[in-house]
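Undergrad: All I have is the shape, not the residue letters:
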């Protein structure tokens, strides 16, 4: 029993108003695993090249993440992404996307990875996500991410795989684009009618919302004095959110449980953006997470006091 | 004792993906008064022209708003704004801004308006806001709005008036622009050091945040299936927020009180955007507001359950 994540392992070159890194470990599966490993044993599935060095392996294996299913493609190079963030960190320009070994990636999961209790399909081609979904029939909770590219060029296959998962996590624009609806709530309700029991809308620096058949829930982002690098925040969020579900293996996956999961996702994502790439989450501690979840609870709570309104 | 608001009274022409209105009552003071009148007796201060008709007066006077301080400029025309919203309602293009009687507006408050308990300075020239602030020395809570134009062309006077109020309400981009900071928290802390005891950051469709010397608080927007017209949402929010403070005249203005005020602002703003202009809030009822505040409370609450994290 463990948590399997399938997605990219990468090197990133990133420039933000706070500084830059020429080459640092990145990739959706990496950020997810670093976060989720606080909650359960994680198995990472994804391809790497010859350039995936000891330091990268060491970071990926933080808190015992199992890398038996990481495929080393001999003679290949690891996925490389280069991007620059604008002054306010909301605009991001991609300068280079070298897929390298990721281009011909065909996920082959070991029996141990297939036996996962919980599965996260990070943003990869929908047809590959569907294939992995089929390989993991016993997973009691499957969540997935995607992106505007697949909504554009693989809408049908994307909808097909969404029908087979429990939770779709996208940003608001993607949810509306996918469903051709004008509000996040309308988009989420449409997606819930396709099959998933939960939709998570990522609001970037403003937090995230959760939609289930039981209702809506939302959390603001944890306020920070300084944001250094937003890269990987969404995958860190997913790692905390999905990880929390995995950690509560004996509990029914209710709306209330997913609300608590949202708090852990929000807390870990807030640490992720405090430094470049994996730097902050790699040395994060459990007490730091718990403290931030408590603070988030306090800063989103208000008392309902009866007030006689004029009418 | 009452709540005074100084700001624009206007006619708006608005086109959104849901439809359009050629001419409807608008203006910051209008939207504020409609919301705040659920909480306290409101006195509206602003100029109108000969075209301000019986229907406009009737809407403005909803729930007893006092219009003795509304200046009718003979021979003049009421402020007119025309705008169009893009498909996703986040982009707004101004097609016309005819200041008309608003161009030479010099607020002259009656003694009753000056004796207000709570004052809201809607978005007008900072020098005029400062003048009104001086006319109301006994107000125990003064909140203000502004806009990017004044940050650009009247930065000094704007900072001067901010120093003399209790609460500044701006959107995130404006807060960062005003302070030259890169996060809302950093901007809010800077502004708190200037004098105000509270800063409200408006996040548009994602809700709002509150920053005081006691800490941070944030609420997501109330999720809606359909958004018809965002015009006036910020001023409706301000009316609910500031109105709540006014309604609790015997209570100390604590961080907790302002958190509850945020919930009322959020609830009323969510009704505002459900229809064009003032249409929805003009026929809103107190029970509807209370119900939405309760739902907002439920959809932002989560239980803190201890969880042993792996470390």
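TA: Here it is on my side, so go on. From a predicted model like this one, the values you see are computed outputs, not experimental measurements.
Undergrad: For the closest residue to chain B within the stretch 1-150 of chain A, report the pLDDT, please.
TA: The stretch 1-150 of chain A approaches chain B most closely through residue A:38 (4.7 Å), counting by C-beta to the nearest C-beta. Bear in mind the C-beta positions are built from the backbone N, C-alpha and C, glycine included. With respect to pLDDT, residue A:38 scores 98.
Undergrad: any chance you could read off phi and psi for it?
TA: Main-chain torsions, residue A:38, degrees, to the nearest 10: phi -70, psi -20.
Undergrad: secondary structure class for the single nearest residue of the stretch 51-200 of chain A relative to chain B?
TA: Using C-beta to the nearest C-beta, the closest approach of the stretch 51-200 of chain A to chain B is made by residue A:185 at 4.2 Å. Of the three states, residue A:185 takes helix under DSSP: H, G, I helix; E, B strand; the rest coil.
Undergrad: Now do it, the pLDDT please.
TA: Note on residue A:185: pLDDT of 98.
Undergrad: Once you drop chain neighbours, what's closest to residue A:214?
TA: Excluding the flanking residues, the one nearest residue A:214 by C-beta to C-beta, 6 or more residues apart in numbering or on different chains is residue A:255, at 3.7 Å.
Undergrad: all strands of chain A, in order?
TA: A:3-6, A:10-16, A:19-26, A:42-48, A:70-72, A:79-85, A:92-98, A:118-121, A:141-145, A:167-171, A:198-202, A:208-212, A:215-219 (DSSP state E).
Undergrad: Isn't residue A:60 up against residue A:42?
TA: No - using C-beta atoms under 8 Å, residue A:60 makes no contact with residue A:42, being 9.6 Å away.
Undergrad: More neighbours: these two, which one.
TA: residue A:42 (33 against 26; other C-beta atoms under 10 Å in any protein chain shown).
Undergrad: if I look at the more buried one, how far off is residue B:167?
TA: 45 Å (C-beta to C-beta, to the nearest Å).
Undergrad: Centre of the chain to the least confident helix or strand in chain A by mean pLDDT, how far?
TA: Lowest by mean pLDDT, DSSP states H and E among the helices and strands of chain A is strand A:92-98, with a mean of 95. Relative to its chain's centre, strand A:92-98 lies at 19 Å (C-alpha atoms, centre = their mean, to the nearest Å).
Undergrad: again, but for stretch A:34-48
TA: Stretch A:34-48 sits 11 Å away from the centroid of its parent chain (C-alpha atoms, centre = their mean).
Undergrad: gap between the two ends of that stretch?
TA: 17 Å (C-alpha to C-alpha, to the nearest Å).
Undergrad: Next, the contact list for residue A:264, please.
TA: Applying C-beta atoms under 8 Å, 6 or more residues apart in numbering or on different chains, we find residue A:264 in contact with A:39, A:240, A:241, A:243, A:244, A:289, A:293.
Undergrad: that older thread, need the residues touching each of residue A:60 and residue A:42.
TA: residue A:33.
Undergrad: Surely the residue of the stretch 51-200 of chain A closest to chain B touches residue B:227?
TA: No - Residue A:185 lies out of contact with residue B:227 (C-beta under 8 Å); the separation is 9.4 Å.
Undergrad: Neighbour count for these two, which is higher?
TA: Counted by other C-beta under 10 Å, residue A:185 and residue B:227 do not tie: residue B:227 has more neighbours, with 24 against 21.
Undergrad: How much space separates that one from chain A?
TA: Plainly put, residue B:227 is 6 Å away from chain A if you go by C-beta to the nearest C-beta, to the nearest Å.
Undergrad: if we can go back for a sec, list the buried ones in the least confident helix or strand of chain A?
TA: Using 16 or more other C-beta atoms under 10 Å in any protein chain shown as the test for burial, strand A:92-98 gives no buried residues.
Undergrad: What ranges does chain A have for its helices?
TA: A:28-36, A:54-60, A:111-114, A:126-135, A:148-153, A:155-162, A:172-179, A:184-192, A:233-247, A:255-272, A:279-282, A:286-298 (DSSP state H).
Undergrad: follow-up on the earlier one: got the contact list for the residue nearest to residue A:214?
TA: With C-beta under 8 Å, 6+ apart, residue A:255 has these contacts: A:210, A:212, A:214, A:215, A:217.
Undergrad: how about the residues of the stretch 1-150 of chain A near chain B?
TA: Contact residues, the stretch 1-150 of chain A versus chain B (C-beta under 8 Å from any C-beta of the partner chain): A:17, A:37, A:38, A:39, A:40, A:63, A:64, A:87, A:88, A:89.
Undergrad: residues near the fifth one, how many?
TA: Looking back up the chat, that one is residue A:40. 24.
Undergrad: Can you tell me, leaving aside adjacent residues, what's nearest to it?
TA: Counting by C-beta to C-beta, 6+ apart, the residue nearest residue A:40 is residue A:246, at 4.0 Å.
Undergrad: wait, doesn't that neighbour sit right on residue A:38?
TA: No - contact criterion C-beta under 8 Å: residue A:246 and residue A:38 do not qualify, at 10.4 Å.
Undergrad: Residue A:73: neighbour count?
TA: Residue A:73, neighbours per other C-beta under 10 Å, totals 17.
Undergrad: any idea how far residue A:208 is from residue A:241?
TA: 8 Å.
Undergrad: next one: residue A:28
TA: According to C-beta to C-beta, residue A:28 stands 14 Å off from residue A:241.
Undergrad: ok, these two, which is more surrounded?
TA: Neighbour count, other C-beta under 10 Å: between residue A:28 and residue A:241, residue A:241 has more, with 31 against 27.
Undergrad: my guess is the more buried one meets residue A:261, correct?
TA: Yes - look at residue A:241 against residue A:261 with C-beta under 8 Å: they come within range, at 4.6 Å.
Undergrad: Overlap in contacts, those two.
TA: Residues touching both residue A:241 and residue A:261 by C-beta under 8 Å, 6+ apart: none at all.
Undergrad: sorry, back to before: Serialize the helices of chain A to JSON lines and add fields for distance to residue B:137.
TA: Listed next are the helices of chain A as JSON lines, based on distance: least, C-beta to C-beta, whole Å:
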{"stretch": "helix A:28-36", "distance to residue B:137": "53"}
{"stretch": "helix A:54-60", "distance to residue B:137": "60"}
{"stretch": "helix A:111-114", "distance to residue B:137": "71"}
{"stretch": "helix A:126-135", "distance to residue B:137": "64"}
{"stretch": "helix A:148-153", "distance to residue B:137": "55"}
{"stretch": "helix A:155-162", "distance to residue B:137": "60"}
{"stretch": "helix A:172-179", "distance to residue B:137": "45"}
{"stretch": "helix A:184-192", "distance to residue B:137": "45"}
{"stretch": "helix A:233-247", "distance to residue B:137": "47"}
{"stretch": "helix A:255-272", "distance to residue B:137": "42"}
{"stretch": "helix A:279-282", "distance to residue B:137": "49"}
{"stretch": "helix A:286-298", "distance to residue B:137": "36"}
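Undergrad: So which of those helices is the most surrounded?
TA: Of all these, helix A:28-36 has the most neighbours on average by mean count of other C-beta atoms under 10 Å in any protein chain shown, namely a mean of 32.
Undergrad: Other residues contacting that one?
TA: A:3, A:5-10, A:42, A:44-46, A:59-60, A:62-63, A:65, A:120, A:122-123, A:145, A:232, A:235-240, A:242-243, A:246, A:265, A:268-269, A:272, A:278, A:281-282.
Undergrad: where does chain A have low pLDDT?
TA: A:1 (pLDDT under 70).
Undergrad: try 90 this time
TA: By pLDDT under 90, the low-scoring segments of chain A are A:1, A:87-91, A:306, A:311.
Undergrad: list the contacts for residue A:246?
TA: The contact partners of residue A:246, by C-beta under 8 Å, 6+ apart, come to A:2, A:3, A:36, A:39, A:40, A:117, A:118, A:141.
Undergrad: Name the member of those with the most neighbours.
TA: Compared across those, residue A:36 has the highest neighbour count, 36 neighbours, by other C-beta under 10 Å.
Undergrad: re earlier: could you find the closest non-adjacent residue to the residue of the stretch 51-200 of chain A closest to chain B?
TA: Once flanking residues are discounted, residue A:185 sits nearest to residue B:223: 4.2 Å by C-beta to C-beta, 6+ apart.
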